[in-house]
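Chemist: Have a look; sequence and predicted model below, questions after that.
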Protein chains: 2
Amino acid sequence: MTYDDTNVFAKILRGELPAHTVYETEHVLAFMDIMPRGDGHTLVIPKVKARNIFDVEPDALAELMKAVQVVARASKQAFEADGVTVQQFNESAGGQVVFHLHVHVIPRFEGVPLRPHTGDLARSDVLAAQAEKLRRALASA
Amino acid sequence: MTYDDTNVFAKILRGELPAHTVYETEHVLAFMDIMPRGDGHTLVIPKVKARNIFDVEPDALAELMKAVQVVARASKQAFEADGVTVQQFNESAGGQVVFHLHVHVIPRFEGVPLRPHTGDLARSDVLAAQAEKLRRALASA
């Protein structure tokens, strides 16, 4: 399996597609999932070209997960969540849809199941407000 | 939230409970999930006392994820899987049941959904055979 840099996350990294960005370092970018399975659902991706967990350099994976931790903590605070679900899918059979390595960070609330993956897009103004909330929590972290 | 070392994974780490261990380093232990959501479902845990992603030291999380990558690659090979699903749950609302940080590594096959979490235990001989297969793949990695 090879890396195809026409995927949408590669386009976001190159600035060819917009995203509600919440966090960026030398190594990673985090932004709101436009098909959220829960309120505040964020994606964290490495800047290096990696298809998924099978081909990423271990050090890049480590940097990615340190950022996932930062985002998970901030998500819990920003959305006053009771928990956080972290998911990472590899290849179609594993649930992967976009073939640039990414980690889902989903704030969770008691009694609220994950929404099904319908393909419906969230409203941009809703995502913008969530992103702003999350950026504030990240800035104070 | 604090760490309670009476949890079952702490007992496995101390050797007080058995497990079908497949991989061990200075930092981590990996063993078969006894309530698998798919064939070859493995858990990878850090040896340090951490409740979940919120309280683990970033470097321990990084070591954990490097081991997750090793196990994910070996799982794909050992079980001839089409993909791998990685999940990590934080607090009850996030799906966490055992309160020692752990990462689920689940081999996936085209057209085969994850089994529901019923609480049913897998047969020990089945898990032993899967563990042996996975250990062989890890040894040749």
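Modeler: Perfect, I can see it now.
Chemist: quick one: the strands in chain A?
Modeler: Counting by DSSP state E, residue ranges of the strands within chain A are A:21-24, A:28-32, A:42-46, A:83-90, A:103-108.
Chemist: Quick one: mean pLDDT for the shortest one?
Modeler: It stands for strand A:21-24. Model confidence over strand A:21-24, given as mean pLDDT, is 98.
Chemist: Need the residues that contact that strand.
Modeler: Among residues not part of strand A:21-24, those counted as contacts by C-beta atoms under 8 Å, 6 or more residues apart in numbering or on different chains are A:29-32, A:42, A:44, A:67, A:70-71, A:74, A:131, A:134-135, A:138. Any C-beta I mention is one placed from the backbone N, CA and C, and that applies to glycine too.
Chemist: how about a cut-off of 6 Å?
Modeler: A:30, A:31, A:71, A:131, A:134, A:135, A:138 (C-beta atoms under 6 Å, 6 or more residues apart in numbering or on different chains).
Chemist: Paired strands for that strand, with orientation please.
Modeler: Under the criterion DSSP bridges, strand A:21-24 sits next to strand A:28-32 (antiparallel) in its sheet.
Chemist: starting at the chain centroid, how far to the strand it pairs with?
Modeler: 6 Å (C-alpha atoms, centre = their mean, to the nearest Å).
Chemist: rewinding a little: any chance of the contacts of strand A:21-24 in TSV with neighbour count and pLDDT as columns?
Modeler: Compiled in TSV, those are given as follows (neighbours: other C-beta atoms under 10 Å in any protein chain shown; pLDDT from 0 to 100):
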residue	neighbour count	pLDDT
A:30	29	98
A:31	22	98
A:71	28	98
A:131	21	98
A:134	26	98
A:135	17	98
A:138	18	97
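Chemist: Show me which residues of chain A sit near chain B.
Modeler: If contacts are counted using C-beta under 6 Å from any C-beta of the partner chain, the residues of chain A sitting beside chain B are A:53-54, A:58, A:61-62, A:65-66, A:69, A:72-73, A:82-91, A:93-95, A:108-110.
Chemist: Among those residues, the buried ones, what's the ChimeraX command?
Modeler: Buried members of the residues of chain A next to chain B can be picked out in ChimeraX with the line below, counting by 16 or more other C-beta atoms under 10 Å in any protein chain shown:
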select /A:53,54,61,62,65,66,69,72,73,82,83,84,85,86,87,88,89,90,91,93,94,95,108,109
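Chemist: Report the separation between the residue in chain A sticking out farthest from the centre and residue B:89.
Modeler: Within chain A, the residue lying farthest from the chain centre (C-alpha atoms, centre = their mean) is residue A:111, at 22.8 Å. If you measure residue A:111 against residue B:89 using C-beta to C-beta, to the nearest Å, the figure is 16 Å.
Chemist: ditto for residue A:130
Modeler: Noted for residue A:130: a distance of 21 Å to residue B:89, by C-beta to C-beta.
Chemist: Spit out the contact partners of residue A:19.
Modeler: Remark: with contacts taken as C-beta under 6 Å, 6+ apart, residue A:19 is in contact with A:12, A:31.
Chemist: on that earlier part again, can you flag which of the contacts of strand A:21-24 belong to helices?
Modeler: Among these, the subset assigned to helices under DSSP state H consists of A:71, A:131, A:134, A:135, A:138.
Chemist: The first one reaches residue A:30, doesn't it?
Modeler: Yes - under the contact definition of C-beta atoms under 6 Å, residue A:71 touches residue A:30, with a separation of 5.2 Å.
Chemist: Overlap of the contact sets of these two?
Modeler: A:23, A:42, A:44.
Chemist: now the residues you listed as JSON lines including distance to residue B:101?
Modeler: Putting the shared contacts of residue A:71 and residue A:30 into JSON lines (distance: C-beta to C-beta, whole Å) gives the following:
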{"residue": "A:23", "distance to residue B:101": "22"}
{"residue": "A:42", "distance to residue B:101": "20"}
{"residue": "A:44", "distance to residue B:101": "18"}
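Chemist: got the CA coordinates for stretch A:118-135 in CSV?
Modeler: Taking Å, rounded to 0.1, in the frame of the first residue of the first chain, the C-alpha atoms of stretch A:118-135 are listed here in CSV:
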residue,chain,number,x,y,z
THR,A,118,-23.9,8.6,8.0
GLY,A,119,-21.8,10.8,5.8
ASP,A,120,-23.9,13.8,6.7
LEU,A,121,-21.8,17.0,7.0
ALA,A,122,-22.1,19.1,10.2
ARG,A,123,-23.0,22.8,9.9
SER,A,124,-19.9,24.9,9.5
ASP,A,125,-21.0,27.5,12.1
VAL,A,126,-21.5,24.7,14.7
LEU,A,127,-18.0,23.4,13.9
ALA,A,128,-16.5,26.9,14.0
ALA,A,129,-18.0,27.5,17.5
GLN,A,130,-16.7,24.1,18.8
ALA,A,131,-13.3,24.8,17.3
GLU,A,132,-13.1,28.2,19.1
LYS,A,133,-14.0,26.5,22.4
LEU,A,134,-11.4,23.9,21.9
ARG,A,135,-8.7,26.4,20.8
